[in-house]
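Undergrad: whatever this is, show me its structure:
(chains A and B)
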Amino acid sequence: MGTVESLLLGFSVALQPDVLWYAFLGCLVGTIVGVLPGIGPLTGISILLPATFGLDATKAVVMLAGIYYGSQYGGSTTSILMRIPGEAASVMTCIDGYAMAQKGRAGAALCIAAVLMLTLIAPPLATFALRFGPPEYTALLVLGLIFLAYMSSTSLPRTLLMACFGLLLGTIGIDNMTGHFRYSFDIAELGDGIGIVPVAIGLFGLGEILSTPSASVVRKVIAPRLRELLPSRREWRESAMPIARGTVLGFLIGLTPGSAHIISSFLSYGVERRLSKHPEEFGKGAVAGVAGPEAANNAASTGAFVPMLALGLPTGPITAVLIAALMIHGVPPGPTLVNEHPNVFWGFVASMYVGNLMLLALNLPLVGIFVNILRIPYAYLYPLVIMFCIIGVYEVSHSIVDVWIMLIMGIIGYGLRKFGLDPAPLVLGLVIAPTFEMSLRQSLIMSNGNWTIFFQRPIALTLLGLCAALLALAGLSLMRSRKDWRSRLAAAEAGENP
Amino acid sequence: MRCERARPAGGDEESVTLHTDHIVGGTFVAFGALVFALSGDLPFGTLSFPGAGMMPKLVAGFLILFGLLLILRARESAPVATLAWGDLPHAARVVAITAAAIALYQTLGFLVTMALLLFALTFGTERRNPLLAAGFSISAVALTYLLFDVALKTPLERGILGY
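TA: Here you go, the predicted structure:
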């Protein structure tokens, strides 16, 4: 079946009234989740995961993905109307977006261009990935970890340390190959290992709350009128090329593990300022300064779906939770997804076209309501978030042990933030640990203990070559101790305007 | 926080500033060592048939290695004394109240536990008006119950009291 026919199949699934309803619900919840400070897309997806158990895999993933890309729109609303970057990726939008207070919506509309790229790239990549055996998967996962460490704003050893911590947590439970219990301390629930949901919610949801005393949250909201939200003809003209550049840049960066949203919006802002005929307008409300980074930010979230769907590899904690959600519904993402579950894959892709249009229609008229949501005092908001965190974790497996794990992870998340460590590699390590261990051991067994198997197969050798190149580049940077884009990225993550 | 290095044989006393990466690196080196200690009964296996202990021990080794690297380069990180701990009392209160709620959740059920959790956080921690806090807690829990249990057909924990 060709791409066009497959996409038509996808639209036949996505345009069914019930699938449309769940896409709408996901977009609406995602926007609210993005608008509300303290609840990120990860928490939103995790909380609503149990609510999808009664749905089939297509509706479930359509709704959860809607929350993900809906939250990107909602996050922009917070940064534009309040000058508070809901997340680090919105820092660049804050700078010019607040000054404009209305023009950033246009960038989001062009996210559909990124969905088109997803349509064209994911299926051939999945077909190529069918050639992967255990050695190739081992090499690919090593590359993913090293790429994550290289692209991270914190230092290489710190990121790898966090990834190793996650890998170690991933080894808890029964060993699939030998049946040994590992570090379960006679707690029956730990036999199945540590779930991704309690870890992710604990680190990102509860950890964030613990690090944010309510007295520190002060809000000043701009309430725009609907007609002010529509860009003028001149603004459309000025934003067309930044949007196009931001979309391509964001999509490509979104394919890689790590802080894709932050890097893409950061780079896009830099590119637009460099290409602009009026760089002095940047920081005072330049259209390109909002449209480019916003398009890049949105496209990065779409790009992240390519490795998730085609290879079964998460590029961040959110796609890791989405992978867990698909697996709960009996649909393992990866190279076989396109052929074995075409309804899920193409239905999901088609729903993204529909969902992005829905978001545009949703965001313009409802911005007034979202502004009112922003006025909820944080002292009332964070107790609600904690309640939803407990419900979200408990309802996945009805295990109170999982809720305790969430609390412990929340405390760890607080500590990690305090000491400037990024929790994202920890979650990635936890997610890839079972696949990584299995493929590594299978590779060694199939080669009868010959570790050079990783260098005898062309794809694995190429991937390991890339690892070596990245490590060499990182080593060079460490030796020179030069401040590069990572230092500026770290400043952006810390909330300092570059 | 400052610690004193031992006085060199005929030299002056030299003070060493403790940096965040000293703490982070040291913690993970200790954690890696603990993993090794707990992995005693897990077989490493051979290269041709790796055992259940291979992956944890390998990763624990890397954990210790990266921890040591951090300690070696700790001077590049911020001094521990510069860390702000003003949010710690608030965080500790939130953790204590959440822990109590988790401990009571299966016994008291969703409605009672969550209403108490919200009230304890809004009134106890945030010092809001008690009537307002009670009204908020009860209405928020009731709405959430309706959303999950009735609208989304996701039954919430009922507890021994049956609601």
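
Undergrad: going forward, measure contacts between C-alpha atoms and count neighbours the same way
TA: OK.

Undergrad: okay, now the domains of chain B?
TA: Using automatic domain parsing, the domain parsing of chain B gives B:2-82, B:88-151.

Undergrad: find the residue at the geometric middle of the chain.
TA: Unless you meant another one, I'm taking chain A. Taking C-alpha atoms, centre = their mean, the centroid of chain A lies closest to residue A:318, which sits 4.3 Å from it.

Undergrad: let's do chain B instead
TA: Nearest to the centroid of the C-alpha atoms of chain B, with distances taken as C-alpha atoms, centre = their mean, sits residue B:95, at 9.4 Å.

Undergrad: does chain A have contacts with the helix or strand encompassing that residue?
TA: Using DSSP states H and E, residue B:95 maps to helix B:88-119. Yes. Interface with chain A: helix B:88-119 contributes B:90, B:91, B:94, B:95, B:98, B:99, B:102, B:106, B:114, B:117, B:118 (C-alpha under 8 Å from any C-alpha of the partner chain).

Undergrad: just confirm the last one contacts residue A:383, I think it does.
TA: Put plainly, it is residue B:118. Yes. Counting by C-alpha atoms under 8 Å, residue B:118 touches residue A:383, with 5.6 Å between them.

Undergrad: so the residue nearest to the centre of chain A touches residue A:44, yeah?
TA: No. Residue A:318 lies out of contact with residue A:44 (C-alpha under 8 Å); the separation is 10.0 Å.

Undergrad: list the contacts of the one residue in chain B that gets nearest to chain A.
TA: With C-alpha to the nearest C-alpha as the measure, residue B:48 is the residue of chain B nearest to chain A, at 3.5 Å. Applying C-alpha atoms under 8 Å, 6 or more residues apart in numbering or on different chains, we find residue B:48 in contact with A:444, A:445, A:446, A:447, A:448, A:449, A:450.

Undergrad: pLDDT weak spots in chain B?
TA: Scanning chain B for pLDDT under 70 picks out B:1-15, B:163.

Undergrad: and the strands in it, which stretches?
TA: Ranges of strands within chain B are B:2-4, B:15-17, based on DSSP state E.

Undergrad: and chain A, by the same measure?
TA: Taking DSSP E, the strands of chain A run over residues A:173-174, A:181-182.

Undergrad: and the first one, what does it pack onto?
TA: Meaning strand A:173-174. strand A:181-182 (3 or more C-alpha pairs under 8 Å, 6 or more residues apart in numbering or on different chains; DSSP states H and E).

Undergrad: now swap in the last one and tell me
TA: Using 3+ C-alpha pairs under 8 Å, 6+ apart as the contact criterion, the secondary-structure elements in contact with strand A:181-182 are strand A:173-174.

Undergrad: quick check: mean pLDDT across the strand it packs on?
TA: Mean per-residue pLDDT for strand A:173-174: 90.

Undergrad: what strands line up against that strand, and which way round?
TA: Within its sheet, and counting by DSSP bridges, strand A:173-174 is paired with strand A:181-182 (antiparallel).

Undergrad: any idea how far the strand it pairs with is from the chain center?
TA: Distance of strand A:181-182 from the chain centroid (C-alpha atoms, centre = their mean, to the nearest Å) equals 31 Å.

Undergrad: what lies in contact with that strand?
TA: Residues external to strand A:181-182 that are found in contact with it (C-alpha under 8 Å, 6+ apart): A:171, A:172, A:173, A:174, A:175, A:191, B:39, B:42, B:52.

Undergrad: and the third one, how far from chain B?
TA: Spelled out, it's residue A:173. Residue A:173 sits 11 Å away from chain B, going by C-alpha to the nearest C-alpha, to the nearest Å.

Undergrad: residue contacts, the spatially closest residue to residue A:387 that is not a sequence neighbour?
TA: Among residues not flanking residue A:387 along the chain, residue B:114 sits closest, at 6.6 Å (C-alpha to C-alpha, 6 or more residues apart in numbering or on different chains). Residues near residue B:114 by C-alpha under 8 Å, 6+ apart: A:387, B:101, B:137, B:141.

Undergrad: can you map out the helices along the stretch 301-450 of chain A?
TA: For the stretch 301-450 of chain A, helices defined by DSSP state H, counting those that start in this stretch occupy the ranges A:305-311, A:317-328, A:337-340, A:342-373, A:378-397, A:400-418, A:424-446.

Undergrad: tell me which of these sits most buried.
TA: Among the helices of the stretch 301-450 of chain A, helix A:305-311 has the highest mean neighbour count (mean count of other C-alpha atoms under 10 Å in any protein chain shown), at a mean of 25.

Undergrad: just checking, what packs against that one?
TA: The contact analysis (3+ C-alpha pairs under 8 Å, 6+ apart) places helix A:305-311 against helix A:111-129, helix A:317-328, helix A:337-340.

Undergrad: which residues touch the residue of chain A found nearest chain B?
TA: Residue of chain A nearest chain B, by C-alpha to the nearest C-alpha: residue A:449 (3.5 Å). Counting by C-alpha under 8 Å, 6+ apart, residue A:449 touches B:46, B:47, B:48, B:49.

Undergrad: list the buried ones in stretch B:55-63?
TA: Residues of stretch B:55-63 classed as buried: B:55, B:56, B:57, B:59, B:60, B:61, B:62, B:63 (neighbour count, 16 or more other C-alpha atoms under 10 Å in any protein chain shown).

Undergrad: check the residues you listed against chain A, which are close?
TA: Near chain A, taking C-alpha under 8 Å from any C-alpha as the test, the members of those found are B:55, B:56, B:59, B:60, B:62, B:63.

Undergrad: want to try JSON lines for these, with distance to residue A:187 as columns?
TA: Shown next, in JSON lines, are those (distance: C-alpha to C-alpha, whole Å):
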{"residue": "B:55", "distance to residue A:187": "21"}
{"residue": "B:56", "distance to residue A:187": "19"}
{"residue": "B:59", "distance to residue A:187": "23"}
{"residue": "B:60", "distance to residue A:187": "22"}
{"residue": "B:62", "distance to residue A:187": "27"}
{"residue": "B:63", "distance to residue A:187": "25"}
